[in-house]
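Novice: Output the structure for:
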Amino acid sequence: MRDKSIFLAASALTAAATATYLPSLASAFLLPSATTSFSRNSKIINHPSSAIATAASRRKHLLPLSAATTSSTTTAASSSRTTSEELIPRSILFGNPENTSPILSPDGKYLAYLAPSPDGVLNIFIRDLQSDKSNGSNDKKNDRMITNEPKRAIRSVSWAYDSQTVLYMNDFDGDENFHLFAVDATTIPDGENGEFPTPRDLTPGENIKAQTILLNYRYPDEILIGTNGRNPKVFDMYRCFYKTGELVLDTINPGDVIGWKVEDESFEVRGAVARNEVDSSSTVRIRKSADLINNDSGSNETEWRDVFHFPYGEEGGLLSFCPDNGKTGYITSSLGRETTALLKVDLETGETIEEIFSNDKCNVGGVTLDKDTKEVRAITYNYARTERVFFDKELEKDYEFLKANAPIPDAEVGVVSRTLDETKWVISYYQSDGPTSYYVYDKSPGRNDNEKETSTPSLTPLFVSNPKLLPYKFSPMEDVRITARDGLELVGYLTRAVEKGSGTSPLILLVHGGPWARDSWGFRAQCQWFANRGYATLQVNYRGSTGYGKTFLHKGDKQWGVGDMQHDLTDAVQWAIDEGIADKDNICIYGGSYGGYACLAGLTFTPDLYKCGVDIVGPSNIKTLLDSVPPYWAPLRNGMLKKIGDVDNDPEFNEKISPFFHVDKIKAPLLIGHGANDPRVKQAEADQIAFSMHEKGIPVEYVLYPDEGHGFARPENRIDFNGRVEQFLAKHLGGRAEEMVEVEGSTARFPLLEGSSNGDTSSE
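Specialist: Next up is the predicted model:
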């Protein structure tokens, strides 16, 4: 953010990945890949072997269309539906948003946002707010597209502090080797002639991954970037002078550091989070200065000191330095308590100066600090819904105004970006039963009808993320409480297909990835899709999910597959049956990444519970999974073994929890989707269980996308796979289905039909 305040996502700072921005690296190991975050002032800101030739042949081989394309056969009458009577098209639910990620330039003169190019790929657009007299709310006819990515969507965008350069990250066909690119936002592109500003790769090189992108308004021409170019296993910090592209090594990783922190006034790397590979503890290291040139050789100013230690099982990390030359700072910590607290601490002695906030039921979430004084302005926490505690009356008044003037009842208010002087904000109104709306909140002095200066703020519509959703009715998401068999309370989210009291419906148990992540309240295209087709959806934060304290997190240790993590899912299904929500004979378990593993575990270890399953990028053999992860995950391996169990040295345990070794127990049909370039869960994980099931005559369908990684980023592939899912669910659960047609641009392939495995998908 560029404003009086900066926002820190404290919830990401867990013992599993203390104070690091590694995307889904340890706090969410098996989570479908998301957008890599940018950070400002060191704080996060908030993505068959030969192709089957024709649609007809695809239908023949994979998608029996008979009754699956007809109306619903669910138990409830259509009049009791919670969503639109008509089928909401998959292309609208899973296509690109029309507008997303709006972000103001620091000087407030421009707005950058992501939108589809004429070819349907998300690219960066610029709106000139100087020529826009309506706070940016005019139509898009004068907006300029400044990038022209032809295939893979841009999913993150930010401004450099010169207010002229836009930064974005992208990888290569899902390999997660994200590079940082810079593009001039002020150059007028000649799009009609195919000419656009040329993006500059600031982190060039093959098999290089960039992360921990730090910007600072005091140093507008510099960026600090972490890359693994020197050593693929670790990330060093480089200082990038982005106008020239010069990249200078700033801080060398000694081999055990998994995250870095910067002191803002000096813009020096002065904090590090080290992971002990033996006991999986984390240590926060601090140094007083990074200036090796201007410190005497005998000075200890540049030496790293261990200040805070978090043994395995604890959560916490360094959040920010205070503006006293790094003598004090803020940390989150679970030491001596159940959930994390926000503490102000002495960074020389490690002593606590002040406990600022904690909640008995969940961890500290986001923290908003004044960008200059570093005073705490607000804190969020989330047990089931986002809640805020304000320490700044002015900021509280802003939120009260935004809530009181919300265009959508029950919407959650979010600040997407602010100008550096904090006079203009982009606000999001987030709901569970409709698309996100973006508004411009203008606090700058203006003039009323009598030409008198007024300080009354204004709230002006900017755009809706996906206006094509507006004509349809959607089902509100309910947060629910489920009691597990041992009495543990679980937070869940229910999206009904039929009104409460109108009878049961088939149920989709939608399992989140990670597993060290969590589900939250809001609009989920998958949940609304299922509801519209006649299926209730239940999401549950099973033990091992993050945000609920250290005991809840570590109750998931060594509980994969046949243990309590899977029992929580079973208990959640039973709850839905007992509550009269779910038809006990029509339950599907569905998930991506760890959720895909949970699907496989559910079908193998509780084979009579589920009618069918959908596994997306899920591992089937935990030992082979861990043996093939990227090299930069090496410092985290022992921590994973502590959480999962020692599959390295205990082959019997690995066989016990790995679905691949229990294929014979599977009774229900399975649909598998996978990306061939997945760096976390290799294609072999899908190949081995799909071919084993196929050879044993157990019903399985397997779709492979050669240009995807850990999840499906290209809308053509998302829509294609979800079309196949829809036919699969209609066949086995009896819901409604839109007709399946060939999706132009999809790269779907079918290894089982082509008889190849082990990554060989070459054409004959």
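
Novice: show me where the protein has helices.
Specialist: 55-62, 90-94, 393-404, 525-533, 550-554, 564-578, 594-605, 622-627, 637-644, 651-657, 683-695, 715-733, 751-754 (DSSP state H).

Novice: Which one of those helices lies nearest to residue 708?
Specialist: Nearest to residue 708 among the helices of the chain is helix 715-733; the distance by CB to CB comes to 5.8 Å. C-beta: built from backbone N, CA, C; applies to glycine.

Novice: Against which helices or strands is the closest one packed?
Specialist: Judged by 3 or more CB pairs under 8 Å, 6 or more residues apart in numbering; DSSP states H and E, helix 715-733 is in contact with helix 90-94, helix 525-533, strand 582-592, strand 612-616, strand 670-675, strand 700-705.

Novice: got the angle for it vs helix 525-533?
Specialist: Orientation of helix 715-733 against helix 525-533 (axes from the mean of the first three to the mean of the last three CA atoms, to 10 degrees) gives an angle of 40 degrees.

Novice: give the contact list for residue 542.
Specialist: The contact partners of residue 542, by CB atoms under 8 Å, 6 or more residues apart in numbering, come to 490, 511, 515, 556, 565, 568-569, 572.

Novice: now do residue 221
Specialist: By CB under 8 Å, 6+ apart, residue 221 lies in contact with 161-162, 241-243.

Novice: Mind doing that once more with 6 Å?
Specialist: Residues in contact with residue 221 (CB atoms under 6 Å, 6 or more residues apart in numbering) are residue 243.

Novice: Distance-wise, check it relative to residue 161.
Specialist: Here residue 221 is placed at a distance of 8 Å from residue 161 (CB to CB, to the nearest Å).

Novice: One more: residue 218?
Specialist: The value you get for residue 218 to residue 161, if CB to CB is used, is 9 Å.

Novice: higher neighbour count, these two?
Specialist: Set residue 218 next to residue 161 and count neighbours by other CB atoms under 10 Å: residue 161 wins out with 21 against 13.

Novice: partners of the closest residue to residue 458 other than its chain neighbours in the sheet?
Specialist: Nearest residue to residue 458, sequence neighbours excluded (CB to CB, 6 or more residues apart in numbering): residue 442, at 4.7 Å. Applying DSSP bridges to residue 442 gives these bridge partners: residue 424, residue 458.

Novice: Residue 442 against residue 425, yeah?
Specialist: No - Residue 442 is beyond contact range of residue 425, at 8.0 Å (criterion: CB atoms under 6 Å).

Novice: who has more neighbours, the two?
Specialist: Taking other CB under 10 Å, residue 442 and residue 425 do not tie; residue 425 has more neighbours (22 against 19).

Novice: residues in contact with the more buried one?
Specialist: With contacts defined as CB under 6 Å, 6+ apart, residue 425 is in contact with 415, 418, 441.

Novice: Residue 372 - how many residues pack around it?
Specialist: Neighbour count of residue 372, defined by other CB under 10 Å: 15.

Novice: Now do it against residue 379, distance only.
Specialist: Going from residue 372 to residue 379 by CB to CB gives 19 Å.

Novice: Output the below-cut-off pLDDT ranges for this protein.
Specialist: Applying pLDDT under 70 to the chain flags residues 1-78, 132-139, 189-194, 292-299, 446-454, 756-764.

Novice: at 90 what do you get?
Specialist: Applying pLDDT under 90 to the chain picks out residues 1-79, 130-142, 155, 187-195, 289-302, 408-410, 444-456, 629, 633-636, 754-764.

Novice: Would you map the strands across the stretch 301-450 of the chain?
Specialist: 305-310, 316-321, 328-333, 341-346, 352-358, 364-370, 376-382, 386-390, 412-418, 424-430, 437-442, 446-447 (DSSP state E, counting those that start in this stretch).

Novice: Output these in CSV; the columns should cover distance to residue 668.
Specialist: What follows is the strands of the stretch 301-450 of the chain, written out as CSV (distance: least, CB to CB, whole Å):
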stretch, distance to residue 668
strand 305-310, 42
strand 316-321, 42
strand 328-333, 42
strand 341-346, 45
strand 352-358, 44
strand 364-370, 38
strand 376-382, 34
strand 386-390, 36
strand 412-418, 37
strand 424-430, 35
strand 437-442, 40
strand 446-447, 62
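
Novice: With respect to burial, which of those strands scores highest?
Specialist: Scoring the strands of the stretch 301-450 of the chain by mean neighbour count under mean count of other CB atoms under 10 Å gives strand 316-321 as the most buried, with a mean of 26.

Novice: same for it, what does it pack against?
Specialist: For strand 316-321, the packing partners by 3 or more CB pairs under 6 Å, 6 or more residues apart in numbering; DSSP states H and E come out as strand 328-333.

Novice: can you list contacts of the strand it packs on?
Specialist: By CB under 6 Å, 6+ apart, the surrounding residues in contact with strand 328-333 are 10, 13, 316, 318-322, 340, 342-347, 364.

Novice: how does it look with 8 Å?
Specialist: Residues from elsewhere that reach strand 328-333, judged by CB under 8 Å, 6+ apart: 10, 13, 271, 284, 308, 310, 314-322, 340-347, 353, 356, 363-364, 367, 369, 374, 376.

Novice: one step back: do you know which of the strands of the stretch 301-450 of the chain lies nearest residue 105?
Specialist: Closest to residue 105 of those, according to CB to CB: strand 412-418, at 9.2 Å.
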